[in-house]
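Undergrad: whatever this is, show me its structure:
(one chain, ligands or ions: 1)
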Amino acid sequence: MDSIIVTGGGELDGQIPIAGAKNACLTLMPATLLSEEPLTLTNAPRLSDIKTMTELLSSLGAEVSSLQGGKVLAMSSHNLNNHTAHYDIVRKMRASNLVLGPMLARLGHAIVSLPGGCAIGARPMDLHIDALEALGAEIELKDGYLHAQAPGGLKGATHELRFASVGATENTVMAATLAKGTTVLKNAAREPEIVDLVRCLRKMGAQIDGEGTSTITIQGVDRLGGATHQVVTDRIELGTYMLAPAIAGGTVECLGGRIELVQAFCEKLDQCGISVEENEAGLKVSRKNGRIRAVDVVTEVFPGFPTDLQAQMMALLCTADGTSVLEEKIFENRFMHAPELVRMGAEIDVQGGLATVHGVDRLKGAPVMATDLRASVSLILAGLAAEGETIVSRVYHLDRGYEQVVRKFSGVGAKIERVQLK
Ligand code: EPU
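TA: Got it, this is the predicted structure:
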């Protein structure tokens, strides 16, 4: 099994190109199921999660061709011949549940395995089910599968989500594009990936207003056509690489980055004493002399501080001057990186959804284990500033969400390599 070895020390300098967003691509791909005509995505990230979604869509009868080394995905769903998303694929990735809304809307029925537990929390599907039922779907849970049908077709309705879930918003918006009449989705999620999905659906002929606000209105149409769409920049990959110079020192320019994608995160970097400048190419991040300042962080839905950057931010705060409190409000079990960071000399006390980080002068390299995608990269970031070698095992988690991670870090001078350890 592969591991990553990071040798700490040394400032970073250079540019890192930021890829298209994994979480946008994972919702744009199932949008192909809504139309008989081709949907082409450009700026797709090259990740194992994208391969898993390709496998899932192919199992439903869609054609997915990966072009230009994976940066372009040409899809067509003119011949859907299966409406069951099997457990074998769904268990690998929760985002598989995003085929439910589109299949139900296009075919009038869908059977989708429940994703099951996941390392960062229970992550149930109740919000997706309630919203689709409001549109007239009948959904039953049998043998671990959601059996959904809409015999007379879906019908537009007004529905308020109890929580602004990203996935439930995406599934409902996609389903509503082909429903009869108007759907008003209240307390909708406002994440940039949802705005990107709506822009693509609009190119396909959908009539949608209000994306990026908490009320999205969808006027159903009879059919959707084809489109070509460029996937938005990955704000989580962006934030992750912005933290590299913040932790190790130096200056790194993240190409393609824009402040509006990471506003709340940039405010925290500013409070820590990290400088971020926006220019035409992207975001230039530098660490000024001296220790960074401690800050408190609360994860929230967009436009708040993203949960997907909490682990990486914790890695930064481990060596801050003072005590920081991080509160995780989106997932109930997302501090699994804390004990690994403690192995590297960090002082962190976790109580439920609160982690108190007492800054230390220096971390020390240690063997650590990646537990999920964002936790894995936080350990690499911590390793950049640690004394000696940090060996991160179980790095297959990283391949789900960070393309060419070793190349990107080493391109700005980090000492990092991927090895096969027995
Ligand atoms: N939730 C429910 N019921 C539901 C749906 C969600 O209780 O029916 C709860 C979840 O258990 C969780 C919270 O609501 O506690 C947030 O879940 P949400 O539905 O918003 O998240 P998601 O759609 O499952 C996406 C991203 C995650 C990201 C979250 C929050 C994709 C493919 N995944 O997940 O990304 O953390 O939004 O921003 O878009 C990652 O990339 O590392 C990752 C985990």
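Undergrad: what sits against A131?
TA: For A131, the contact set (C-beta atoms under 8 Å, 6 or more residues apart in numbering) comprises H159, L161, A168, N171, T172, L185. In short, each C-beta sits where N, CA and C put it, glycine included.
Undergrad: keep only those of these that are in strands.
TA: Within these, residues falling in strands by DSSP state E are H159, L185.
Undergrad: out of the contacts of A131, who's nearest K51?
TA: N171 (21.6 Å; C-beta to C-beta).
Undergrad: from P30, how far off is A175?
TA: 11 Å (C-beta to C-beta, to the nearest Å).
Undergrad: how close does G413 get to R46?
TA: Taking C-beta to C-beta, one finds G413 at 23 Å from R46.
Undergrad: between those two, which has more neighbouring residues?
TA: When neighbours are counted by other C-beta atoms under 10 Å, G413 and R46 differ, and G413 comes out ahead with 18 against 15.
Undergrad: please name the nearest non-neighbouring residue to the more buried one.
TA: L12 (5.0 Å; C-beta to C-beta, 6 or more residues apart in numbering).
Undergrad: so what pairs up with the one you found in the strands?
TA: Note on L12: beta-bridge partners by DSSP bridges are G250.
Undergrad: so what's T40 bridging to?
TA: Assessed by DSSP bridges, T40 has beta-bridge partners A74, T228.
Undergrad: what mean pLDDT does stretch 123-136 get?
TA: The pLDDT scores in stretch 123-136 average 94.
Undergrad: near the ligand, anything from that stretch?
TA: Yes - remark: stretch 123-136 sits within contact range of the ligand at R123, P124, M125, D126, L127, H128, by C-beta under 6 Å from any ligand atom.
Undergrad: quick one: that stretch to chain centroid distance?
TA: Centroid separation between stretch 123-136 and its chain, computed with C-alpha atoms, centre = their mean, to the nearest Å, is 21 Å.
Undergrad: residues of it that come out buried?
TA: By neighbour count with 16 or more other C-beta atoms under 10 Å, stretch 123-136 contains the buried residues R123, M125, L127, H128, I129, D130, A131, L132, A134, L135, G136.
Undergrad: show me the residues you listed that map onto helices.
TA: L127, H128, I129, D130, A131, L132, A134 (DSSP state H).
Undergrad: how about the helices in this structure?
TA: 22-28, 48-59, 87-90, 100-107, 126-134, 166-176, 192-203, 235-248, 263-272, 310-317, 337-343, 373-385, 396-399, 405-410.
Undergrad: mean pLDDT lowest where, among those helices?
TA: Among these, helix 396-399 carries the lowest mean pLDDT, at a mean of 91.
Undergrad: quick one: is that one near the ligand?
TA: No - judged by C-beta under 6 Å from any ligand atom, helix 396-399 stays clear of the ligand, getting no closer than 9.4 Å.
Undergrad: packing partners for that helix?
TA: Identification of packing neighbours for helix 396-399 by 3 or more C-beta pairs under 8 Å, 6 or more residues apart in numbering; DSSP states H and E yields helix 373-385.
Undergrad: could you check the angle the helix it packs on makes with helix 235-248?
TA: Helix 373-385 and helix 235-248 are oriented at 20 degrees to each other (axes from the mean of the first three to the mean of the last three C-alpha atoms, to 10 degrees).
Undergrad: the closest residue to K415 other than its chain neighbours: neighbour count?
TA: Excluding the flanking residues, the one nearest K415 by C-beta to C-beta, 6+ apart is T7, at 3.9 Å. Here the number of neighbours of T7 (other C-beta under 10 Å) works out to 17.
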